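Visitor: got a sequence here, can you model it:
(2 chains)
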Amino acid sequence: MRTPVAPIAAAAAFLVSTAHAIELKFAPPDFETEYAMPYLFIPPPDGRNTWWEALILFGALSLTTWLVFKARSRRGLFGVSVFSLLFFGFYRQGCICPVGSTQNVAAAIFLPDVAVSWIIVAFFVLPLLFSLFFGRVFCASVCPLGAMQELVAIAPIRISPALERVLGLGKYIYLGLAILGVATGAGFLICRYDPFVRLYRLNDNFGMLIAAALILLIGVFIARPYCRFLCPYGVLLGWMSRFSKFHLQIPPSPCVECRLCEDSCPYNAIDMPTPRHLVEDPAQGKKRIRGLVFLAPVFILLGALGGYMMYEPLSRMHPTVSLSERIALEDRGIITERGNLQADTFRVEGKTAAQLHAESLAIKEQFKTGGALLGAFLALIISIKLIELSVIKKRTIFEPHKETCFSCGRCYPYCPVEEGA
Amino acid sequence: MLEKREFDKSDFLWRLSSTITIVAGLFSLLVFILIIVNYWMIKRADPVNHELLTYLRVEYANAPEKDEALAQRIRDLDLITRKAFFTSQTHLRIGAWVLLGSVSIFLIAFKNMMRWRPQLPELADVPTADKEFLAYAQSRHLITWAGIGLLAGGMMTSYFSETALTAELLAQPAAAEGGAESAAGAGQAAAAVTAPAWDEMLVNWPSFRGPGANGVAHFTTAPVSWDVESGEGVRWSADLTMPGHNSPVIWGNRLYISSADETVREVACYDTETGDLVWKKTINALPTSPREAPDVMEDTGHAASTMAAHGDLVFALFANGDLVALDQEGNQRWGRSFGIPDNHYGHSSSLLAYGDILYVQYDQAVEPKLHGVNISTGKDAWVAERNKISWASPILAQTTFGPQVILASEQDADGYDPVTGNLLWSVKCLGGEVSPSPAYANGMVFVANEYAVASGVTLEGAEGAVTATVSWEFNELLPEVSSPVGDGDRFYFGTAIGDIVCLDAKTGETLWVEEVEDGFYASPILVGDRIYIADLKGNMYVFRTGSAYEELARFSLGEPAFATPAFMDNRVYLRTPEKLYCIEAP
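Guide: Sure, this is the predicted structure:
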């Protein structure tokens, strides 16, 4: 019998957090009683994101690199994961995290009035730099999102590599949407829909807590689903890691091709030796590659067209557009129920519906360009993936796939090769 | 430092771990269920509005004197209910931490369980590498289909989300700009308006039944008779196309009326000299307006409430609860919706403005209120909670203790401070569905309602400490809709069955009763020493004030008369269902 661990943990966190909120919602007693109303305390800004936090991030990355390359200690990585979960997760409440910092950097690039602090830049760049030199050591145990999933991945199974690759497109879509959201002023989608930050902050967004619970529950059996299929920062880390000079190796010495590590990676991140016999006629393979390269610009144009056509639904991620449509539908009697917080706030703000609609229309224009770029980006990624899957690189040993390997060290214990053997 | 995984098995440790896993799992499940039950109970609990507590609070509020024993009982019960609620909350909080702890133990034990019966690597007959390279083709197909799916899904989403609304917004941005006025809510920034002084109000006809809505014209001249058929005495007339039972109001040389049916609401402004339509404004639905038209009786209609003219602004209230302020050019300054009143005949209470406040008597079945609305912003300056429903209108009485806003409802006659909205006095002297508004004259308030009783209420005391006592009651002939008027010594009113009644203001004694052709909905107006009142058939009666009925004129208006005429110097403005007349004395 399996118990739903993650939902229970999520529900517990939710209940703890709402209890405080309820108490402050009640009016004080009509008469003086023994009951003392709790004092509503709004903490001042606490000077977060200081240099020492960046230093701790650097330290954690360095320690992880040492654990991955020198100590080859999965237990040590587990310990760093617990630290990251407690420090970057619960203590720093998941902010700012390198995953979310992608949006800050994008905002500084796309929005003229937005600046970005050096600490945010450090949080964004440090994991990428480490990834460029040592692979995704950040994912191994420093990322608080990954750490939480790593801790609950108790009985992971290996899914089909083909399914893994298709689901992996999700993170490119998410990255594209997040950048589009920032560039158009729709907001920080990654933060808005970060399921884990709700757990770190113990706040009461019930929908996101349910999402976190589901991800953790799935993560018991399909390890790190968020990292593999959704994490937008993981895309950038993967790109960097592809070019990493040093990367985790499964055997510390020459591989003996014992195949014991074959099923050790639940992330499908071990590249197998190329079969010694022909799997496919090379001429047919070359023809396919030529065809895909030739068709890539067509795919990109189609993607751009599709993205352009999507501007309408995409624009609804922008709060001004969704509010404008809500107000217009209410004013036309199509929506009759009241109680929408944004709409009610707008009603008392003094701005007119006409002004709101004009703003909304201007934003929709931005989404035409943005949607086309997003569509083109996704089509480019798909084209590259298809070409990549048609190129068979000759490989004689088992080695980690530099882009998708999390450097988690799960494969270490399976390898019988001793160091220096 | 090299770390190797031990693939050792231990049945004992596996059994121990699995036992802990099961126990921790079951315990977590149990705590989880208890927490959910507790959470559900807390969600349902509402200690502040505990049923018995609410009842006791009302009892305490209604008690004539402070009941200390009752207060103590409320304190005790309040404490108990709050303690119960917060104790449950404490349990919830503790339970949640216990749950987190047990889930952590469960996770650790589960992990150890897996550790002590490890799954050894198994080598398949066909190397995984071969299968994986074969899966490249499968991956290409799946990714291609995913791409096609994304494109098709995107296009379909785009197609189905291209709503008429979007097209409309895209095509008509200019039209959207024009709609700004109707969308403006009560919160829209508004320039402060200078409120007219009382003296200025007296030389206008600012509300239902004149200044202060008391039924008294502050002019002494008015034509005594006229003939609309021959045109004798008619200065001008205008055709009306939209229904509305409200009476005309006048400020300066502008006359205002409102009209409405189920779908259209409008305000019209006429030149009092020529009868020309200066402007007519259709009142668009406000963003918060109800989407359904209210159910109203035909006798009430959708525009029964008489407007208020107040210096530079005029105000109109419709049966759907929409209140708007317009300037003299017909520009909407602000609008707000009170929502459809829970009021089974339809809303009929008229507006009254005094100083910076517009009084909106929103007496309905649920949460009746008197709103003191700031004339500049449309926001509530204050709101007074009321007790019962009514269809009457507020009046402003200039008493010797200062001005008061006096209201009648199904149960009470009430006096309010016009600036603060504080209740100054309240007398239980009414019953039934009250439609006639109060009348005030010479320290005496007169309220009456058919099937109930008429009462003379004497106001005494000093400013800020007014007492109201019922001096006399009268329960023979009573008004149903028409409001009474007082000349200081007597009160006059018209009944729905066709009587004009005159009572002695001091004693309530019947001085005279004049039976006429039809009943009265319109109210009598005192002009100098004459009273004008029109019956439902459209007969106008003019008689002299006094202890005996002395008729000065009786003639037909040619149409039924629901509305009460407006009187200005030497002129009468009269609204019938189809016409608007200006009558002028030769």
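
Visitor: now residue A:409: which helix or strand?
Guide: Using DSSP states H and E, residue A:409 sits in no helix or strand.

Visitor: which one is it nearest to, not counting chain neighbours?
Guide: Excluding the flanking residues, the one nearest residue A:409 by CB to CB, 6 or more residues apart in numbering or on different chains is residue A:74, at 4.2 Å. Yep, even glycine has a C-beta here, placed from its N, CA and C like the rest.

Visitor: what of residue B:238?
Guide: residue B:580 (4.5 Å).

Visitor: alpha carbons of stretch A:378-391, as PDB, please.
Guide: Only the C-alpha atoms of stretch A:378-391 are listed here, as PDB (Å, rounded to 0.1, in the frame of the first residue of the first chain):
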ATOM      1  CA  LEU A 378       9.700  26.500 -30.500                       C
ATOM      2  CA  ALA A 379       9.800  25.500 -34.200                       C
ATOM      3  CA  LEU A 380      13.600  26.000 -34.200                       C
ATOM      4  CA  ILE A 381      13.900  23.900 -31.100                       C
ATOM      5  CA  ILE A 382      11.800  21.100 -32.600                       C
ATOM      6  CA  SER A 383      13.900  21.300 -35.800                       C
ATOM      7  CA  ILE A 384      17.100  21.000 -33.900                       C
ATOM      8  CA  LYS A 385      15.800  18.100 -31.900                       C
ATOM      9  CA  LEU A 386      14.700  16.300 -35.000                       C
ATOM     10  CA  ILE A 387      18.100  16.800 -36.700                       C
ATOM     11  CA  GLU A 388      19.900  15.800 -33.500                       C
ATOM     12  CA  LEU A 389      17.900  12.600 -33.400                       C
ATOM     13  CA  SER A 390      19.000  11.800 -36.900                       C
ATOM     14  CA  VAL A 391      22.700  12.200 -36.200                       C
END
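
Visitor: can you pull the buried residues of that stretch?
Guide: Using 16 or more other CB atoms under 10 Å in any protein chain shown as the test for burial, stretch A:378-391 gives A:378-383, A:385-390.

Visitor: in stretch B:373-391, what's buried?
Guide: Of the residues in stretch B:373-391, B:373-378, B:380-382, B:384, B:386, B:388-391 count as buried by neighbour count, 16+ other CB under 10 Å.

Visitor: ok, now stretch B:89-104?
Guide: In stretch B:89-104, counting by 16+ other CB under 10 Å, buried: B:89, B:91-93, B:95-96, B:98-100, B:102-103.

Visitor: now do the strands in the stretch 151-300 of chain B.
Guide: Here the stretch 151-300 of chain B has its strands, by DSSP state E, counting those that start in this stretch, at B:216-217, B:234-239, B:249-251, B:254-260, B:265-271, B:277-282.

Visitor: could I get those strands as CSV with mean neighbour count and mean pLDDT?
Guide: Output for these, formatted as CSV (neighbours: other CB atoms under 10 Å in any protein chain shown; pLDDT from 0 to 100):
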stretch, mean neighbour count, mean pLDDT
strand B:216-217, 24, 94
strand B:234-239, 16, 93
strand B:249-251, 24, 96
strand B:254-260, 24, 95
strand B:265-271, 22, 94
strand B:277-282, 14, 90
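
Visitor: distance to residue B:57 for these - can I get that in TSV?
Guide: Formatted as TSV, the strands of the stretch 151-300 of chain B follow (distance: least, CB to CB, whole Å):
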stretch	distance to residue B:57
strand B:216-217	42
strand B:234-239	54
strand B:249-251	41
strand B:254-260	40
strand B:265-271	40
strand B:277-282	46
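
Visitor: output the below-cut-off pLDDT ranges for the stretch 101-250 of chain B.
Guide: Residue ranges of the stretch 101-250 of chain B with pLDDT under 70: B:122-130, B:162-192.

Visitor: go on, the stretch 251-400 of chain A?
Guide: Scanning the stretch 251-400 of chain A with the threshold set as pLDDT under 70 gives A:277-279, A:332-334, A:336, A:338.

Visitor: show me the helices in it, by range?
Guide: Ranges of helices in the stretch 251-400 of chain A, per DSSP state H, counting those that start in this stretch, are A:282-309, A:311-315, A:319-331, A:341-349, A:353-388.

Visitor: which helices and strands sit right next to the longest one?
Guide: So the one you mean is helix A:353-388. Judged by 3 or more CB pairs under 8 Å, 6 or more residues apart in numbering or on different chains; DSSP states H and E, helix A:353-388 is in contact with helix A:169-183, helix A:282-309, helix A:311-315, helix A:319-331, helix B:128-161, helix B:164-171, helix B:173-178, helix B:180-183.

Visitor: the longest one near chain A at all?
Guide: Yes: legend: contact between helix B:128-161 and chain A by CB under 8 Å from any CB of the partner chain is shown at B:128-130, B:132-144, B:146-147, B:150-151, B:154-155, B:157-158, B:161.

Visitor: separation between the most centrally placed residue in chain B and chain A?
Guide: The residue lying closest to the centre of chain B (CA atoms, centre = their mean) is residue B:338, at 3.2 Å. Going from residue B:338 to chain A by CB to the nearest CB, to the nearest Å gives 14 Å.

Visitor: list the residues that contact that residue.
Guide: By CB atoms under 8 Å, 6 or more residues apart in numbering or on different chains, residue B:338 lies in contact with B:321-323, B:360, B:362, B:371.

Visitor: in chain B, which helix or strand is least confident?
Guide: helix B:173-178 (a mean of 32; mean pLDDT, DSSP states H and E).
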